[in-house]
Every structure is written in structure tokens, then in C-alpha cells.
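Engineer: The following block contains a protein sequence and its predicted model.
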Amino acid sequence: MPRLEPTGVRVARAGRREAHALHRGLCAVLGALVCQGALGLEGTAPPGAAPPASAAPAPLDGSGCRIVRLSDIGWTDVTATTALFGVLLRHLGYRPEITVLSLPVTYTSMKNRDIDVFLGNWMPTQETDRKSYVAEGSVEVIRANLTGAKYTLAVPAYAYEGGLRSFADIEPFAAELGHSIYGIEPGNDGNRLVLGMLRNNLFGLGGFKLIESSEQGMLAEVERAVRTHRPIVFLAWDPHPMNMRFDLRYLAGGDTVFGPNYGEARVDTNTRAGYSAECPNVGRLLRNLSFTTQQESRLMADILDGHLSPDVAAEAWLKANPSVVAGWLRGVTTFGGRPGFSAMQTTGKLADRLSLERWLEGHKIPVGDSIAVMIEYVKGHGRVLFDGLSAVIRDSVDGLTRLLRAIPSPLLILGAGALTWGLRRSVPLAVFVVAALLFIMNQGYWEATLETLSLVIVAALVSTAIGVPVGIAAAHRPRLYAALRPVLDLMQTLPTFVYLIPTLVLFGLGVVPGLISTVIFALPAPIPLTQLGISSVPTALLEAGRAFGATPMQLLWKVELPSAAPTILAGITQCIMLSLSMVVIAALVGAGGLGVPVVRALNTVQVGMGFEAGFVIVLLAIVLDRISRPADKAAAP
């Protein structure tokens, strides 16, 4: 006989059965996290607040959320955190797409809905960059992912002990500092603050100049200065491995420029408008994501000092910090709806077992490490040679620039017109050259043009001095030319940025790495054209010279070179044009010139400045081409 139960007990038991049925249904939809009792209500937390210990999973993202577009502005800390977030997304079944963009381009792209997430909004220094976008609602601030950061000018500890302790102390050290402050890429917010300080003559620094290059270019110059115990003032920030790599001190007294407490900063996570609502699961992850300065510095050290790719360093960091990752993944699921942390552990193990890519990466052939060791060896044992060569090249370019500046600009412009008429015998062309130079002066790019012209002239002279003799030797020795051809192809095919890495380390910032890269890029023009010209000398002329008893040297100077002159001059003209095309590269390593406004315009999305600088470069190219090209042969009657 069945046991009778009170009505209240039966109702309670029925309620529990319905609850278990509902629980099982939710399990089928949302996964094991609900079955483990993690389902709960989540309140709205303010940006920067820690996620609750037990958070309800966000709604599943739609198919349009699978691709997550991220911006990386090229700073190592932003590269590191962006790579970390990208690897995390990949484990969760998303497809991150990381694009390297400047800061203004990043915000413009977010407004245009071409970029979804930006993790590197340094505040308050980037307030001007983001203010209008936040005000109009095209960019949303999710939370601060890093607090306690610093961003201001710094010096090595020995310079600090020597009395260079504040912004007010920089000017008395002007001679030792070369009237220079070292920054990062043109258009960067920190550079803009320094340029404003110099322009307004704050702290008496109106006579100083800012050397703009890149983060790594600046740090290479700092390393050179530390090695020779030379004072240097540069942009510095924390987190960054530079704080562990160098014994540095932040300068006091820059509150009016960088803000109080040594430019105390935070880093915000930004998204395009409405992204968290459209993709709530990724939005939850972004609200959970935060770092410490120590965590970021460690990850950046793996990239910079350990020579690991950002993805490999990020993968290793995630495996070494499971408790931090678990906090980030509270309430976060995979793209398919499984609990994020457990799914990540499973997919990580499967990837380690099954991925050929991971296996090959784990057994990497040490090409890059070998080159790095070789460069370090050369740097350590050839310092005197490289310093001497650097001094010769720098003095040559700077000396030519000073000479051009010393000539009154009207006289220089008239001289260029007279030279054009003397070489080409064309009045319209001479008038065009004068008008073009006057236009360049009118646009405010005269000084930059003189700097670029000096670099191009010296690079063309060096390329010609090397290329023409090598071309002559290659014409007389076919086997030599056969061996040179693949080398010349490689010199023009290999990206020029690759040359900058070792030259920056060996020679530091300035015109030297820019000129060396320019020469390497331009040298393949005069060599093959000289070889072609010498090889094309008519046999009858050579036989006539030999018949009159000419020696090989007389044959070269009186027969071969005059006959091959038009072809050789064509090679030199190409060399000049190729050298001019490298002005942007020179700007990236602190050489100045017309490349600086081009890079600055690109990084700050200033269409007008970019067009002006580009048009000036085109005019200069036309002037040099018309002056240097071989004379046209007169038409036969």
C-alpha cells in the first residue's frame, strides 16, 4: 500500500522535479557551467570592477561576432595585450584579426565600424584623440584594463645622479644632450606633448629638437648611450621591460606636460559603439579583462628580450597563469556555448597533441636567434669601427645640410635654375625648377627638403662610387656578374625595414641607418646598367683601340666609358630616384627630412598635410630627374 504524503510535501517534490527538468533543459542549451550550479544573476558592474565569483554566462554570440577585429598601435605593451586577447579568443572558437594601425586611424576605423576592439587607450595622454569619438557615441569605453602606469620623460640613473633630475634641469645639459630629446613614432601622443613643450619654450627648451623614430629605435639609442655613459632624455613608460633592462629614473616637474605623479596613467579598453550589445559574450570577456604592470612587463620581456613572437609568448603566458585566466573567463563561454575555461583547457591539450604547427614551432630552427647572436658579437667587437663609420657618414650628410642652409635660399634657387639651363639648355625647364622650389618654400617644407636633398646626394654618390666600378668588373668578368645577379635581386626584393633592424643596433638613430638602407636599396640600379653599357660597346671600337696600342686602362677611359656613358648615367638617375623613394624609411629612423610629415600625417590621419608633403616629394623627384637624366640624342636628319 503506497505511503500517503501531506499535500505540501507533494507540491514541494513536484516543484523540485520541475526545477530539475528546467535545469536539464538549460544544461542542454548553455552547457556544463549551469549543471555545476553556476547559474546566477549578474548585476551591472562599473568599469574596473572585479567580476563576481559566480557569474551567469552571457548570451551566445551570433555568427557575425565570430571574427573579432582588433587594432594594435605598435607599442609593445599594446602588441602584447592584443596578442594575449587574440590567443584567448582563438581558444574560445573565435577568429581574431589584428591590424597594425596608428592611434588616430584606429579611432577613425572604429567610427567606421572597421575595428571592433582596442585595448591600448592610454589616458589621460590620449584624451584628445578619443574625446570627440566618445562624445558623439561612436566609441565606447568598457573599463580600465590597467592602472598605475607611468608615461613621461626619463634619463639613465647616472645622468640623474649627475644632476639631471627634473624637466627644469634639461636645458643646462643642452650641450651634452645635443639639444635633443628622443621620442617614438611621428604623430604619437607623447611626441605631440614634447613638441608642444618645445614649441612653447617651456622650461627654456625652445632650442631643442625631438628625434622621432619608433619605440625600438629609441631604445636602441638609449642602449648606445648607456654603453658609453652618455646623458640622454627619452620618452619612457611603465609597464615596459625597459624598466628592468635599464637603470632609469623618471624626471620630476613635468606635471604641466604629462600630468601629475610622473604622468600617472591608466589604459582603457575601447570598442566601437554597440559592440558589447551585439556580441555579449566577447563583451563579458572584455569587462573581465584586466592586467597588472608586472604581468604586462613580463609578457613584453618574453617578446623583446626572449625574441618570441607575440602569439607564442601569449600562449606560454596563458598556460603559466591559469588562475588569472580563470578569472577572465568567469561567465564566458566558447563561441559554441561551452564553459570557457574548461573548453580552453581541453582545446589547448588537443592542440598540443595534434597540431603540426605547434610541434614545428616547438622545434624552431634558430635562424633569428643566430642572427641576433651574430649582431651582438659584431656590436661588441666592432664598436670602434662602427662608431667611426657612423661619424663619417653623419658628418658628411650633416655637413652638406649645413652648407645648403648657409647658402641664401634665393641664391640657391637661382643656382638650381642656372644649373638646369646649363645642363639641359631649356628655358621652360629652368623656369619650372625655380617655380617648383619656390612652391616648396611656400608650403613650409624648405628645411625638410634640404635635409632630404643632402641624404639623397650622399646616398647617390656612395652608390655610384660602389656600383660603377663593380659594374665595370662584372662586364669584364661574366662569372662575377652571374654570381652578383641573385644578390642584386635579393637586395631589391628584401623589405628595406629588415635592413633597419641591424643598422639601428649597430649605428643608432639618425641619418646613418637611413643612408645605409638607402644605399643597399639603390645600389642594384647602377651595377647592372653599367655592366650593360660596358658590355654593349661595339667590338669594332675595341678592336680599333687595341690596334692603336691602347692599354686596358686607356681602353676603359677613352673607349668603353665614353661609349657606355648614356647607359651609366641612366643607372645613376635611377639610383637618385630610388634614393628619394626611401625618404620615409629615413624618417622612421630619425633622419628627418620630407618623410617626417608623411609619417606624421599617416599616423594622425591629416589628409592635407599628407598631400602637401607627398606633392613636395613628387616635385623634388621631377626636378632631380630632369637635371640628372642623360641628354636626349638628336634625331637623325
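Structural biologist: The structure has been received and is ready for your questions.
Engineer: got the contact list for stretch 392-404?
Structural biologist: 412, 450-451, 453-455, 457-458, 510-512, 515-516 (C-beta atoms under 8 Å, 6 or more residues apart in numbering). No exception for glycine: its C-beta is placed from N, CA and C like everyone else's.
Engineer: Same list, these, but as CSV with secondary structure and neighbour count please.
Structural biologist: Compiled in CSV, those are given as follows (DSSP: H, G, I helix; E, B strand; the rest coil; neighbours: other C-beta atoms under 10 Å):
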residue, secondary structure, neighbour count
412, helix, 16
450, helix, 23
451, helix, 26
453, helix, 19
454, helix, 25
455, helix, 27
457, helix, 18
458, helix, 21
510, coil, 24
511, helix, 28
512, helix, 25
515, helix, 27
516, helix, 22
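Engineer: Closest one of the residues you listed to residue 243?
Structural biologist: Comparing these against residue 243 with C-beta to C-beta places residue 510 closest, at 25.4 Å.
Engineer: give me the low-pLDDT residue ranges for the stretch 401-550 of the chain?
Structural biologist: In the predicted model, the stretch 401-550 of the chain carries no residue with pLDDT under 70.
Engineer: can you give me the helices in it?
Structural biologist: With DSSP state H, counting those that start in this stretch, the ranges of helices along the stretch 401-550 of the chain come out as 409-424, 427-442, 446-476, 478-493, 496-507, 511-522, 526-535, 539-547.
Engineer: Among those, which comes closest to residue 304?
Structural biologist: Across these, residue 304 has its closest neighbour in helix 496-507 (12.7 Å, C-beta to C-beta).
Engineer: before we move on, the earlier item: tell me which of the helices of the stretch 401-550 of the chain is the most buried.
Structural biologist: For the helices of the stretch 401-550 of the chain, the largest average neighbour count (mean count of other C-beta atoms under 10 Å) is found in helix 511-522, namely a mean of 26.
Engineer: which other residues reach that one?
Structural biologist: Residues lying outside helix 511-522 but in contact with it, judged by C-beta under 8 Å, 6+ apart, are 389-390, 393-394, 397-398, 455-456, 458-460, 462-463, 466, 491-492, 496, 499-500, 503-504, 507, 574-576, 578-579, 581-582, 585-587, 589-592.
Engineer: and the angle from it to helix 496-507?
Structural biologist: Between the axes of helix 511-522 and helix 496-507, defined by axes from the mean of the first three to the mean of the last three C-alpha atoms, to 10 degrees, the angle is 140 degrees.
Engineer: For helix 511-522, list the C-alpha coordinates in PDB.
Structural biologist: The C-alpha coordinates for helix 511-522 follow below in PDB (Å, rounded to 0.1, in the frame of the first residue of the first chain):
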ATOM      1  CA  VAL A 511      70.900  59.600 -40.900                       C
ATOM      2  CA  VAL A 512      73.400  56.600 -40.700                       C
ATOM      3  CA  PRO A 513      70.900  53.700 -40.700                       C
ATOM      4  CA  GLY A 514      68.700  55.600 -43.200                       C
ATOM      5  CA  LEU A 515      71.600  56.200 -45.600                       C
ATOM      6  CA  ILE A 516      72.900  52.600 -45.300                       C
ATOM      7  CA  SER A 517      69.400  51.200 -46.100                       C
ATOM      8  CA  THR A 518      69.100  53.700 -49.000                       C
ATOM      9  CA  VAL A 519      72.400  52.600 -50.500                       C
ATOM     10  CA  ILE A 520      71.500  48.900 -50.200                       C
ATOM     11  CA  PHE A 521      68.200  49.600 -51.900                       C
ATOM     12  CA  ALA A 522      69.600  51.900 -54.700                       C
END
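Engineer: Could you shift the numbering so residue one becomes 56, and keep it that way?
Structural biologist: From this message on, residue numbering opens at 56, which makes the last subject helix 566-577.
Engineer: got the contact list for residue 252?
Structural biologist: With C-beta under 8 Å, 6+ apart, residue 252 has these contacts: 258, 260, 312.
Engineer: do you know how far the last one is from residue 599?
Structural biologist: Residue 312 sits 74 Å away from residue 599, taking C-beta to C-beta, to the nearest Å as the criterion.
Engineer: measure residue 162 to residue 227 for me?
Structural biologist: Here the distance between residue 162 and residue 227 works out to 39 Å (C-beta to C-beta).
Engineer: circling back: wait, which of the contacts of residue 252 is closest to residue 674?
Structural biologist: Comparing every one of these with residue 674 (C-beta to C-beta), the shortest separation belongs to residue 260, at 33.4 Å.
Engineer: Doesn't residue 647 lie inside a helix?
Structural biologist: No. For residue 647, which was evaluated using DSSP: H, G, I helix; E, B strand; the rest coil, the result is coil, with no helix membership.
Engineer: so what's the residue lying closest to it once chain neighbours are set aside up against?
Structural biologist: Counting by C-beta to C-beta, 6 or more residues apart in numbering, residue 506 is the residue found nearest to residue 647 once chain neighbours are left out, at 4.7 Å. Applying C-beta under 8 Å, 6+ apart to residue 506 gives the contacts 456, 646-649.
Engineer: how about a cut-off of 10 Å?
Structural biologist: Counting by C-beta atoms under 10 Å, 6 or more residues apart in numbering, residue 506 touches 452-453, 455-456, 459-460, 566, 638, 641-642, 646-651.
Engineer: What segments of this protein are strands?
Structural biologist: 122-127, 150-155, 172-178, 194-211, 235-237, 264-266, 289-293, 303-305, 320-327 (DSSP state E).
Engineer: Specify which residues of the stretch 256-405 of the chain, grouped into ranges, have pLDDT under the cut-off.
Structural biologist: Filtered on pLDDT under 70, the stretch 256-405 of the chain yields the residue ranges 400-405.
Engineer: where exactly do the helices run in it?
Structural biologist: Counting by DSSP H, counting those that start in this stretch, residue ranges of the helices within the stretch 256-405 of the chain are 270-282, 297-300, 310-313, 315-318, 330-333, 335-343, 348-359, 365-375, 377-383, 395-409.
Engineer: Would you tell me which of the ones you listed gets closest to residue 147?
Structural biologist: helix 395-409 (5.7 Å).
Engineer: isn't residue 119 right next to residue 168, touching?
Structural biologist: No. Taking contacts as C-beta atoms under 10 Å, residue 119 lies outside contact range of residue 168: 11.4 Å.
Engineer: Neighbour count: those two, which is higher?
Structural biologist: With neighbours defined as other C-beta atoms under 10 Å, residue 119 and residue 168 compare such that residue 168 has more, 13 against 8.
Engineer: Might you report the residue contacts of the nearest residue to residue 183 once chain neighbours are set aside?
Structural biologist: Counting by C-beta to C-beta, 6+ apart, the nearest residue to residue 183 once its immediate chain neighbours are dropped is residue 244, at 7.4 Å. The neighbours of residue 244, taking C-beta under 10 Å, 6+ apart as the test, are 128, 158-159, 177, 179-184, 206, 658-659.
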